[in-house]
Each structure stands twice: as structure tokens, then as C-alpha cells.
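K.L.:
model this:
(2 chains)
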2 protein chains.
Amino acid sequence: MGPGLLGTSLGMAIHARDSAMRISVWARREESRNACLQASWCHEASDNLEEALSGSDLAVLCTPVVHLSEILGKIGSILPANCLLTDVGSTKAEICMTAEQAAIKNFVGSHPIAGSEKSGMDYADSALFEGRPCFVTPSENTSVENADKITAFWKWLGMRIIQVAPKEHDRILAQVSHLPHLLASALCNFLSKQSRACREGAGQGLRDATRIAAGSPKIWSDIAQHNSKEILEALDLFSEEISQLKHIIANQDFADLEKWLEEGKAFRDSIA
Amino acid sequence: MGPGLLGTSLGMAIHARDSAMRISVWARREESRNACLQASWCHEASDNLEEALSGSDLAVLCTPVVHLSEILGKIGSILPANCLLTDVGSTKAEICMTAEQAAIKNFVGSHPIAGSEKSGMDYADSALFEGRPCFVTPSENTSVENADKITAFWKWLGMRIIQVAPKEHDRILAQVSHLPHLLASALCNFLSKQSRACREGAGQGLRDATRIAAGSPKIWSDIAQHNSKEILEALDLFSEEISQLKHIIANQDFADLEKWLEEGKAFRDSIA
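P.N.:
Below is the predicted model:
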């Protein structure tokens, strides 16, 4: 459901692994449905949720986070009894709670860390998920069986699974994804106010460091809205790190600065 | 002088454009001199400054910034009368002032924005300079003729020239290079103190955003030491940007956040 960058890549990735698997698309826009129907991975496309879900064993919600609440509100009554439901939303606490309140017992939240600063089906890639991490976020009421099935699905697509509670996911993502994104945007905002030579003198380091700031402002504003509490906390903790750095430099304590840079390098090398 | 990543790449780049040009290396370590002598671009190598400079039309100091003062202190008396001298140091105000105090009238500061988080001659690349920006920083006493010659030299290697005064260079570099580097390190330091899932959940966005934090702690500590005043000012201005961001999120003003993200994206797109 929702053939954007992730949804379309998902269809392509499933089809690449098992071309016999029947893939049904739900999309609001006729243009999107037609584009999907012209691709080999898509077998059916509908703008009717019930029709799209009919006969499905697994449904994956790939719509923007802002539309998830609305869809979760009405999907409970039309989801086939044996159909497992998951999503790919960037925040999980609110989504998982909404699914629980809507009494969708076969829902397990997911968040595949795969994507691009580009959006839309034109940038879809069947290899998007391979080797990438994927959060699976069962809540207290999720059955182990359902959590295992969703885990197996993403593993089948080549992903590395991290299983944590929905709230823990949001805290981690605020730190590891939302904070870096906002810092890159803050850096770009700051530089845009400085001399023109800041553009002309930009090196590859700055380009890499700020690549994520080219992401969709709408999508990232929505993400921030859905995880504002955790993001503010991450920003506060990060500001403490900056204060410590200023203190080190103001004290001209460059042996300490080197040690601090060593610690940063050790973390960066560990995720290389 | 100083066959590290930049010095060696420079030798290779010059040789690739004009193999008849005589390239003489100055290096303290015998191992470095031997490695250079085995390469096709290097014609002579010496640990004696006077010997290395003898007969040269142009000398380029590619030693780490910390050694520049010492070398500039003694090079004045042995520099051939018609030999132009430049350097590739990451900070310019102090270096240019030292050259002036040492009365080296044929010195013009340079800073080619080319490099890598890797260091050492093993990573040298003859194409390192192509299409990259290069600051040329004449001081008040630099002759237009000398500034033009140094400009022509870097242009010949394919670089885009930005000519500014040494102090202006340092302010720009603090904003466009040193600040991004320290922010990437601060982010890595911050994340290293959080849950293990921050490592496991790291996506490509975080990897790109923090690539520069893998740079040499010694080199970057030295750079910070030579530009601490401008760096502290950039950190203060950046902190204001972060405060503004916190304010927007705390006020749940997500239309404003989207606008702020748009402004960041516009800058990033402009340096793509």
C-alpha cells in the first residue's frame, strides 16, 4: 500500500526473489496505479483498500507517516483474518499505539532503514533493502509468532533485524537519524547566511556531511512532528556535547581535543 | 616538500600534465624519500632543504600545519631569489603572517580543498585537484604578479580559484570545513554514549554525515589549534541556529519547520 520509493522497491524486491508471489497495490492516484500495472512486479492495483487486501497473507503500509493513523483507523474491519499487517513508518510509538487502539491484533510495526534523499517510484531499486538494518517493534500485546513472521519477511529481503519496543525505537531513531538530519539542515541554514565563498569553497566533506539535508522538507517535518519529544531530548544531549567541545577549545586544551576526536573516530570506524 | 597525501598527489598531478618538469622532494624520513624515488613523478629527494630547493622556480610546502612555522623561519635565507613559495595549509592568517615576519617576499598562501579522510602517500591520486576549489590568499604586501602566478599554477591543475585575504579564508574555512568536521565528531561522540542499537541501526545517511569524523585526530586537533578563535565563533553562531530549531519544535510549529528545512535544502542543492 503506497507505491512510493519504499513501496515500489519492496514490490520489485519481492518479485525478484519469488516471481510467483502475487503482489497487489493500493494507491489513491490513478497515475500511480497505472505506472505499477505497467511494471512486471505488480499484478493488481486498486484504490479500494478492501479490494487490494482481499486474499492477502501480508499487507505492508508504505504510505507517508501522516496518513497512517487514518488508514489504521479503518483497516481493522476489512483486514482478512489471517493477513499480517506491518508498516515502514519512520516513527513507531504513535503508530503502534494507534494500531492497538484500533484493535488490529495482527499488526507488527517495522522500520526498514533503507531509502534515499530522493523520493518517488522513479528512484525505486529492488536491492534497496539488502544488507540494511530493519527495526521490528512488537508491542506488549504482539504475539511472538507474528513478530517472528515479520522478522522472517525482512530477513528474506536481506535485512539485518533489530527488535526493540516501539518507544525505544523512537528514541534510537531520534539519535541516529532525526538528529543527524536536523544537524545537516542546521548547518546548511547557517552556511546559507554566510559569505558566498561558503558555497564556492564547499569541499567533498561538506557535501557528504549535508547530503541528507536535501531530503523532502515535508517528509522530515512530518517525522519531526511524530517524534518531537525524543528529538528535543536528543538535541539537548547533543548541545551538551557541543558545550563540552567549546569548553575544550576555549581552554586551548588540544591534547583533550585530540582524545575527543579519537573517540568520535572510533565510533565512525565502528559503523564503516 | 612533505610527500604526504597532498604532496604526493601534487607530484603525480604535475607529472601527468608535464612529464618534462623536474620535481624535487624534500622529506625528513628516509622511507618517504625512497618511496618517492621509486615513483616515476619524482626526480630527486633530499632531507636537506637547501639541496631540495636548489634551482627551483616554485616550492610547495605540503608538511603538516604544525611544522610550517619552523620551516618558514629558516627557508627565507635559502630560497632561490626567483623561487616562488606557497603552502597547502588548512589555516592561513598565522602562516601568512609568519612568512611576512620572516620577510619571505615571494610567499603566497594557498589552500587547495582536496583531500580525503585518509592520509599518507598510499592514498595519493593524480586527479585529486581536478574541479576542486582552491583558496589563494595574498596579503597586503603580496605582489599582484606573484598572486597571479600561484593562481595560474592551481588553475593549471584544474582547480577553481577563490582569492581572499588570509583572515577571511580562516573565517570561511571555520564555517565551511572545521565546523562540519567538529559537528560530525560531536555526533559520533554523542552516539558512542548511547545504546548499542545506535551502531546497528546506522543507515547510509549517518555514514555519509559522519564520514569526515574518521579523519586524523592529530591533524584536526592541529587545525583547531591554529583557527580556534574563528571556530569558537562559528560554533556560537551554529548554536544559535540549533536554539532556533529547538524553539520551532518545542512550539510545535511544523509549518515553520518545513520552511526551515526548505532553506537548508536550497543551500544543499546549490552545492550539489
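K.L.:
domain-wise, how is chain A divided?
P.N.:
Following automatic domain parsing, one finds the domains of chain A at A:5-164, A:169-270.
K.L.:
name the stretch among these that sits most buried.
P.N.:
domain A:169-270 (a mean of 20; mean count of other CB atoms under 10 Å in any protein chain shown). To be clear about C-beta, it is placed using only N, CA and C from the backbone, and glycine gets the same treatment.
K.L.:
format the domains of chain A as JSON lines; extra columns: distance to chain B.
P.N.:
Below are the domains of chain A laid out as JSON lines (distance: least, CB to the nearest CB, whole Å):
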{"stretch": "domain A:5-164", "distance to chain B": "4"}
{"stretch": "domain A:169-270", "distance to chain B": "3"}
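K.L.:
can you put those in JSON lines and add distance to residue B:33?
P.N.:
Converted to JSON lines, the domains of chain A look like this (distance: least, CB to CB, whole Å):
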{"stretch": "domain A:5-164", "distance to residue B:33": "43"}
{"stretch": "domain A:169-270", "distance to residue B:33": "28"}
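K.L.:
dump the ones you listed to CSV, plus mean pLDDT.
P.N.:
As requested, the domains of chain A are exported to CSV (pLDDT from 0 to 100):
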stretch, mean pLDDT
domain A:5-164, 94
domain A:169-270, 95
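K.L.:
what's the closest of those to residue B:93?
P.N.:
Smallest distance to residue B:93 across those (CB to CB): 15.2 Å, for domain A:169-270.
K.L.:
now the strands: where do they sit in chain A?
P.N.:
A:24-26, A:44-46, A:58-61, A:84-87, A:109-112, A:133-137, A:160-163 (DSSP state E).
K.L.:
which one of the ones you listed lies closest to residue B:226?
P.N.:
strand A:133-137 (39.1 Å).
K.L.:
I'd like to check what contacts the closest one. Which residues are they?
P.N.:
Strand A:133-137 is contacted by residues A:92, A:96, A:108-114, A:147, A:150-151, A:154, A:159-166, A:168-169, A:172-173, B:200-203 when judged by CB atoms under 8 Å, 6 or more residues apart in numbering or on different chains.
K.L.:
cool, and stretch A:165-176?
P.N.:
With CB under 8 Å, 6+ apart as the criterion, stretch A:165-176 contacts A:90-93, A:95-97, A:109, A:111, A:135, A:137-139, A:164, A:227, A:230-231, A:233-234, B:190-191, B:194-195, B:197-198, B:201-203, B:206.
K.L.:
what residues are up against residue A:130?
P.N.:
A:157-159.
K.L.:
one step back: need the strands of chain A in JSON lines (columns: distance to residue B:243).
P.N.:
What follows is the strands of chain A, written out as JSON lines (distance: least, CB to CB, whole Å):
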{"stretch": "strand A:24-26", "distance to residue B:243": "43"}
{"stretch": "strand A:44-46", "distance to residue B:243": "47"}
{"stretch": "strand A:58-61", "distance to residue B:243": "36"}
{"stretch": "strand A:84-87", "distance to residue B:243": "34"}
{"stretch": "strand A:109-112", "distance to residue B:243": "29"}
{"stretch": "strand A:133-137", "distance to residue B:243": "31"}
{"stretch": "strand A:160-163", "distance to residue B:243": "32"}
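K.L.:
go through those and name the closest to residue A:219.
P.N.:
Nearest to residue A:219 among the strands of chain A is strand A:109-112 (13.9 Å), distances taken as CB to CB.
K.L.:
so in chain A, which helix runs the longest?
P.N.:
Counting by DSSP state H, the longest helix found in chain A is helix A:228-250.
K.L.:
hey, C-alpha coordinates of that helix in PDB?
P.N.:
The C-alpha trace of helix A:228-250 is given here as PDB (Å, rounded to 0.1, in the frame of the first residue of the first chain):
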ATOM      1  CA  SER A 228       9.200  15.800  18.700                       C
ATOM      2  CA  LYS A 229       9.700  14.800  22.300                       C
ATOM      3  CA  GLU A 230      12.600  12.400  21.600                       C
ATOM      4  CA  ILE A 231      14.100  14.800  19.100                       C
ATOM      5  CA  LEU A 232      14.200  17.600  21.600                       C
ATOM      6  CA  GLU A 233      15.800  15.300  24.100                       C
ATOM      7  CA  ALA A 234      18.500  14.300  21.500                       C
ATOM      8  CA  LEU A 235      19.100  18.000  20.600                       C
ATOM      9  CA  ASP A 236      19.500  18.800  24.300                       C
ATOM     10  CA  LEU A 237      22.000  16.000  24.800                       C
ATOM     11  CA  PHE A 238      23.800  16.900  21.600                       C
ATOM     12  CA  SER A 239      24.000  20.600  22.800                       C
ATOM     13  CA  GLU A 240      25.800  19.400  25.900                       C
ATOM     14  CA  GLU A 241      28.400  17.600  23.700                       C
ATOM     15  CA  ILE A 242      28.900  21.000  21.800                       C
ATOM     16  CA  SER A 243      29.200  22.900  25.100                       C
ATOM     17  CA  GLN A 244      31.900  20.400  26.200                       C
ATOM     18  CA  LEU A 245      33.700  20.900  22.800                       C
ATOM     19  CA  LYS A 246      33.600  24.700  23.100                       C
ATOM     20  CA  HIS A 247      35.000  24.400  26.600                       C
ATOM     21  CA  ILE A 248      37.900  22.300  25.400                       C
ATOM     22  CA  ILE A 249      38.700  24.700  22.600                       C
ATOM     23  CA  ALA A 250      38.300  27.800  24.700                       C
END
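K.L.:
just want the angle from that helix to helix B:228-250.
P.N.:
Here the directions of helix A:228-250 and helix B:228-250 differ by 170 degrees (axes from the mean of the first three to the mean of the last three CA atoms, to 10 degrees).
K.L.:
chain center to helix A:228-250, what's the gap?
P.N.:
24 Å (CA atoms, centre = their mean, to the nearest Å).
K.L.:
hmm, who's touching it?
P.N.:
A:170-171, A:173-175, A:178-179, A:182-183, A:224, A:256-257, A:260, B:182-183, B:186-187, B:189-190, B:224, B:228, B:231-232, B:235-236, B:238-239, B:242, B:245-246, B:249-250, B:252.
K.L.:
ok, now stretch A:207-215?
P.N.:
By CB under 8 Å, 6+ apart, stretch A:207-215 touches A:117, A:119, A:180-181, A:184-185, A:187-188, B:180, B:183-184, B:205, B:208-212, B:261, B:264-265, B:267-269, B:271-272.
K.L.:
over to stretch A:183-198?
P.N.:
For stretch A:183-198, the surrounding residues in contact (CB under 8 Å, 6+ apart) are A:199, A:209-213, A:220, A:238, B:162, B:164, B:168, B:172, B:175-176, B:179-180, B:183, B:187, B:209, B:237-238, B:241-242, B:245, B:260-261, B:263-268.
K.L.:
let's go with 7 Å and repeat that
P.N.:
Applying CB atoms under 7 Å, 6 or more residues apart in numbering or on different chains, the contact partners of stretch A:183-198 are A:209-210, A:212-213, B:162, B:164, B:172, B:175-176, B:180, B:183, B:187, B:209, B:237-238, B:241-242, B:245, B:260-261, B:263-264, B:266-268.
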